[in-house]
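Engineer: What follows is a predicted structure for the sequence shown.
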Amino acid sequence: MPKVHLLDYVAGNVRSLVNAIEKSGYTVEWVRTPDEVANAEKLILPGVGHFGHCMSQLASAGYLPAVRAHIDAGKPFMAICVGIQALFEGSSEDPGVPGLGLIKGELDRFNDAKKSVPHIGWNNANASSKSLYDLRPESKYYYVHSYKYPYVEGELESQGWTVATGTYGDEVFVGAVAKDNILATQFHPEKSGVAGLRLLRSFLTGDGRTTLGQQTRGPAPTGNLTRRVIACLDVRTNDQGDLVVTKGDQYDVREKGSDREVRNLGKPVEMAKKYYEQGADEVTFLNITSFRDCPLADLPMLEILRRTSETVFVPLTIGGGIRNTVDTDGTKVGALEIATMYFKSGADKVSIGSDAVLAAEEYYGAGRKLFGNTAIEQISRAYGNQAVVVSVDPKRVYVPKAAATRHNTIPTSFPGPKGEEYCWYACTIKGGRETRDMDVVELAQAVEAMGAGEILLNCIDRDGTSSGFDLELVRQVKAAVRIPVIASSGAGNPAHFEDVFRKTTTDAALGAGIFHRGEYTVQQVKDHLAEKGLEVRKYEG
Ligand code: 1PR
């Protein structure tokens, strides 16, 4: 099989990239020292973390002259995500740190006054009517970043670049650029389904370079970030010891009959693939009993990720048991090490539940002080904020009036059993088994301060009820933070997804039982959203 070289300079999830390259019929050879760059014919620079981290790693390991020499020799070079940012002169993310300077200009941060940052999800890479490595204007690509190069018509083109753009809110940014032997994308082709694999293949075969910049088709359709639909698989070992997908009603996953067996809805890897092929924009696995088991002994979850990432080319999130822990032999294992194992096995994000609540308690206990050593802080420092999701398991608590509690309340249209007209949402840990004296607003704000990149907002009251998302809860949390929020729990039909997207500003919506029970497919949900005029990514088979 033909070869491509990947630069191994920073920790991160490169497994999906390797899988995507192999799927395209190429093998990967790692470049582990600057000298080895000279062996490369085609070189890929994956980008992980933030601009300064990426540049300082490249510089301190002595890669910069070797990478420049590769590019100057006219050999094919591709850069992904932070990799494209490295081509510019600098970034306001890390002022004073120089980039490669192949493109004039500095990156800046998306404006978060009216939209969530990071920019996470599926958006355009619109090269207008120019050919750019088989990018298609009607396709969508997976982005996850907070910094971008703002697009000014004609600016990069006058330096000889062919440019593809995306639009987020009212900001137009550079999604991909190419010139001569260089291709760089802000999005992740390895996470962009069939559309991303097409671009990768076009780079690997060299076809994209031959046709670069040629006139292709008429004016491209315009688009923005799509409505993200996520399929979630709660995974646990059943009473026979098999790892199964299960689903609870208000977190109770046992059948109602006398034997109270764990509900078994299928096999995790197969189900994840099915949802990918139905058009799920992301797949989330939650290991729901990890608080009991030692995660290191829990190797089947790693195997599930490895196998899933061979066939599922959209982002994968894994949650459950990500915290400092002690292995069965007494060895201490840090949350960062556990997260690293998951990233190496193919996860793009890790989701932290119980540990986030405990860390937030310490944060407030110390007068809103960051210690730098929580799982959220450590993992986001190493892998970037976008890699850390906080999963929240709240329960509604009714009060007669706002002043009856110190917590952040809302007036509710669904009064409590005694007619209470206010409520607040109490955070729980251990899968809802223990309720803490912390509300969702407090938790969301604390974890945002610690560096979480996204919130997965479950709702124990609605979980498995098919009665729709708790819109009041979603609105309260959205108003409290700038990072994206995923609405979860209660989806029972496609109209519920429409409701949460129309009536709140949620960034994504997640369903579990609706898909597992076979009531609706992901595609039916997305078709419904499209029919109602909400932009979604269409699955390209
Ligand atoms: O606390 O860091 O070890 O993480 C444990 C993780 O496991 C948390 O993310 C927690 O939400 C999850 N979890 C623990 N127990 C359960 C349970 O169900 N008994 N599941 C559980 C959480 C909720 C959602 C579900 C939505 C949508 N499940 O994941 O998918 O509610 O369901 P629906 O569409 O069918 O209504 P840690």
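Structural biologist: Structure received.

Engineer: Which helix or strand contains the closest residue to the ligand within the stretch 401-541 of the chain?
Structural biologist: Here the residue of the stretch 401-541 of the chain nearest the ligand is Gly431; by CB to the nearest ligand atom that distance is 2.4 Å. The C-beta positions use only the backbone N, C-alpha and C, and glycine is treated the same way. Secondary-structure assignment from DSSP states H and E places Gly431 in no helical or strand segment.

Engineer: Which residues are in contact with it?
Structural biologist: With CB atoms under 8 Å, 6 or more residues apart in numbering as the criterion, the residues that contact Gly431 are Tyr251, Ile288, Thr289, Phe291, Gly353, Asp393.

Engineer: Can you read off the pLDDT for the fourth one?
Structural biologist: At Phe291, the predicted lDDT confidence score is 55.

Engineer: where does Ile44 land in three-state SS?
Structural biologist: With DSSP: H, G, I helix; E, B strand; the rest coil as the basis, the three-state label of Ile44 is strand.

Engineer: OK, contacts around it?
Structural biologist: Val4, His5, Leu6, Leu7, Leu17, Ile21, Phe77, Met78, Ala79, Ile80.

Engineer: one more time with 6 Å
Structural biologist: The contact partners of Ile44, taken as CB atoms under 6 Å, 6 or more residues apart in numbering, are Leu6, Met78.

Engineer: That one pairs with what?
Structural biologist: Per DSSP bridges, residues listed as beta-bridge partners of Ile44: Leu6, Met78.

Engineer: ok, it to the ligand distance?
Structural biologist: Between Ile44 and the ligand the computed distance is 33 Å (CB to the nearest ligand atom, to the nearest Å).

Engineer: Need the pLDDT of Thr226.
Structural biologist: At Thr226 the predicted local confidence, pLDDT, stands at 97.

Engineer: and what of Leu336?
Structural biologist: Leu336 is given a pLDDT of 93.

Engineer: neighbours around it, how many?
Structural biologist: Burial of Leu336, expressed as a neighbour count using other CB atoms under 10 Å, amounts to 20.

Engineer: Where does the closest residue to it other than its chain neighbours sit: helix, strand or coil?
Structural biologist: Nearest residue to Leu336, sequence neighbours excluded (CB to CB, 6 or more residues apart in numbering): Gln378, at 4.5 Å. At Gln378, secondary structure determined by three-state DSSP is helix.

Engineer: Surely Gln378 and Ile338 touch.
Structural biologist: No - with contact taken as CB atoms under 6 Å, Gln378 and Ile338 are classed as non-touching, separated by 10.7 Å.

Engineer: Neighbour count for these two, which is higher?
Structural biologist: Counting neighbours by other CB under 10 Å for Gln378 and for Ile338 shows that Ile338 has the greater number, 23 against 20.

Engineer: Give me the distance from the host helix or strand of that one to the chain's centre.
Structural biologist: Using DSSP H and E, Ile338 maps to helix 335-344. Mean C-alpha position of helix 335-344 versus that of the full chain (CA atoms, centre = their mean, to the nearest Å) differs by 16 Å.

Engineer: what do you get for stretch 251-265?
Structural biologist: Taking the mean C-alpha point of stretch 251-265 and that of its whole chain, the gap between them comes to 31 Å (CA atoms, centre = their mean).

Engineer: go on, stretch 453-466?
Structural biologist: Taking mean C-alpha positions (CA atoms, centre = their mean), stretch 453-466 and its chain are 17 Å apart.

Engineer: Any residue of that stretch touching the ligand?
Structural biologist: Yes - taking CB under 6 Å from any ligand atom as the criterion, stretch 453-466 and the ligand are in contact, through Asn458, Asp463, Gly464.

Engineer: now that stretch: mean pLDDT?
Structural biologist: Summarised as a single mean, pLDDT over stretch 453-466 is 97.

Engineer: Next: stretch 162-173.
Structural biologist: Stretch 162-173 shows a mean pLDDT of 96 in the predicted model.

Engineer: Now that stretch: buried residues?
Structural biologist: Using 16 or more other CB atoms under 10 Å as the burial criterion, the residues of stretch 162-173 that qualify are Thr162, Val163, Ala164, Thr165, Gly166, Thr167, Tyr168, Gly169, Val172, Phe173.
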